[in-house]
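Colleague: Below is the structure, and that's it, no one-letter string:
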């Protein structure tokens, strides 16, 4: 593109120089020739007037007198009646400019000048015109190179930006070039880069959340299937199969919530539900894993509460807290339910070393973990709690106390629906 811009600019300049330069030379040549002819004509008229004055005064007309009048610069041929003709100056050869004048006394004066003077003036004009044209070509080349660089370099940068976007690097460059059209393209590429970055972030977050949230239901389902395969008691098989079906429903709910949050994280499906059922379900689900680790899960606090939220999401939040205590905590895990104002609070604590002080303020950030874990569980749990209008907080570092706050409803008689407080 640079070469094309330079060649096109140079071609335009050369055409302009050719058109106007040739016209200028032709006009100037004509002007120089006319000026030389007028000078010879004036010289002839002046010489005839001079001779008329001498003849009227009866003064002699000699070669010396005429030479003094001409100054020895031009050739002149003079014929006076009654006198022999004579010449003054050197007769030019080749093409000449000539003028003949006849005086009042019959004298004939012919003045000639060589055309070489015209050629010399024309040559000087051509040299000046050529020099100006050369300077114009040089200036045009310099300007064309600068303009080509100004246009081609941004296009190269924009091409590199587009290539980076295609290779998976969505960082916007925020670089502008002072050319409105190119700046518009840069704006569009930067906006596209930001959209691609958000899409990639959402996809990576969905993949991380899916791998983390699906792990717990799949583990519980695997444990129930192992129980079924290890027993021959039909009643036990039936019971475990029912529990496995419940896990499948939870798994389906997790997948649906992941897809919903991927489209709009603020979308929730909060309902009034029995909090005791969710807590009981999680204790039963995690008790075998704690038993295998030589630990226990206990429950205390107020019972019979109804809360507003999504049961599946609340179950996932509790599962994340219980799993976090299993992996990072120690001793018995205590789940306590209590009432604070118009909120139902579920606290999960253990007897482990707690949360390091340097991680306390950042424990809910993604990729933040006190050990070699993903650092996703607590971040996902907080997102789930906030999607239902609740909140998840770390109330105490040593021992660790995590609390899930949900809107509480007052439970009335069995035949009356609960009311939100």
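Modeller: It's in. Note that this is a predicted model, so its numbers are computed, not measured. Residues are numbered from 1 along each chain as shown.
Colleague: okay, CA-based contacts and neighbour counts for the rest of this
Modeller: Fine.
Colleague: For residue 147, see how far away residue 83 is.
Modeller: Look at residue 83 and residue 147: by C-alpha to C-alpha, to the nearest Å, they are 76 Å apart.
Colleague: again with residue 377
Modeller: Taking C-alpha to C-alpha, one finds residue 377 at 56 Å from residue 147.
Colleague: any idea how far residue 407 lies from residue 380?
Modeller: Distance, residue 407 to residue 380, using C-alpha to C-alpha: 20 Å.
Colleague: which stretches of the stretch 201-350 of the chain have low pLDDT?
Modeller: In the predicted model of the stretch 201-350 of the chain, residues 201-217, 220, 224, 250, 253-254, 256-269 satisfy pLDDT under 70.
Colleague: quick one: low-confidence ranges for the stretch 1-150 of the chain?
Modeller: In the stretch 1-150 of the chain, residues with pLDDT under 70: 1, 72-73.
Colleague: Residue 83 and residue 147: who's more crowded?
Modeller: Using other C-alpha atoms under 10 Å as the criterion, residue 83 and residue 147 rank with residue 147 on top: 16 against 10.
Colleague: Tell me the secondary structure of that one, please.
Modeller: helix (DSSP: H, G, I helix; E, B strand; the rest coil).
Colleague: For it, give its distance to residue 9.
Modeller: Distance, residue 147 to residue 9, using C-alpha to C-alpha: 10 Å.
Colleague: same check, this time on residue 331
Modeller: Residue 331 sits at a distance of 83 Å from residue 9 (criterion: C-alpha to C-alpha).
Colleague: Make sure residue 100 is indeed in a helix.
Modeller: No. Using three-state DSSP, the assignment for residue 100 is strand, not a helix.
Colleague: residues touching it, list them.
Modeller: Taking C-alpha atoms under 8 Å, 6 or more residues apart in numbering, we find residue 100 in contact with 44, 108-111.
Colleague: Closest to residue 74 out of these?
Modeller: Using C-alpha to C-alpha, residue 111 comes nearest to residue 74 of the contacts of residue 100, at 7.1 Å.
Colleague: and residue 169, that's in a helix?
Modeller: No. Counting by three-state DSSP, residue 169 is not part of a helix but coil.
Colleague: where does it fall, phi/psi-wise?
Modeller: When quoted as degrees, to the nearest 10, the phi and psi of residue 169 stand at phi -110, psi 90.
Colleague: Repeat that for residue 126.
Modeller: Phi and psi for residue 126, reported as degrees, to the nearest 10, are phi -60, psi -40.
Colleague: Tell me which helix or strand the nearest residue to it once chain neighbours are set aside sits in.
Modeller: Nearest-residue entry for residue 126: residue 25, 6.7 Å, with adjacent residues in sequence omitted and distances by C-alpha to C-alpha, 6 or more residues apart in numbering. Take DSSP states H and E as the rule and residue 25 turns out to sit in helix 2-56.
Colleague: What's the first helix or strand after that helix?
Modeller: For helix 2-56, the following helix or strand on the C-terminal side (DSSP H and E) is helix 63-70.
Colleague: where along the stretch 151-300 of the chain do the strands fall?
Modeller: 271-274, 297-301 (DSSP state E, counting those that start in this stretch).
Colleague: what's the most buried one of those strands?
Modeller: Mean neighbours per residue, mean count of other C-alpha atoms under 10 Å, is largest over those for strand 271-274, with a mean of 16.
Colleague: Can you flag which of the contacts of residue 100 belong to helices?
Modeller: residue 44 (DSSP state H).
Colleague: tally of neighbours for residue 389?
Modeller: So residue 389, with other C-alpha under 10 Å, has 17 neighbours.
Colleague: Confirm that it sits in a helix.
Modeller: No. Judged by three-state DSSP, residue 389 forms no part of a helix; its state is coil.
Colleague: what are the phi and psi angles of it?
Modeller: With angles defined as degrees, to the nearest 10, residue 389 sits at phi 80, psi 10.
Colleague: check contacts around it.
Modeller: Contact analysis of residue 389 by C-alpha under 8 Å, 6+ apart lists 309, 406-407.
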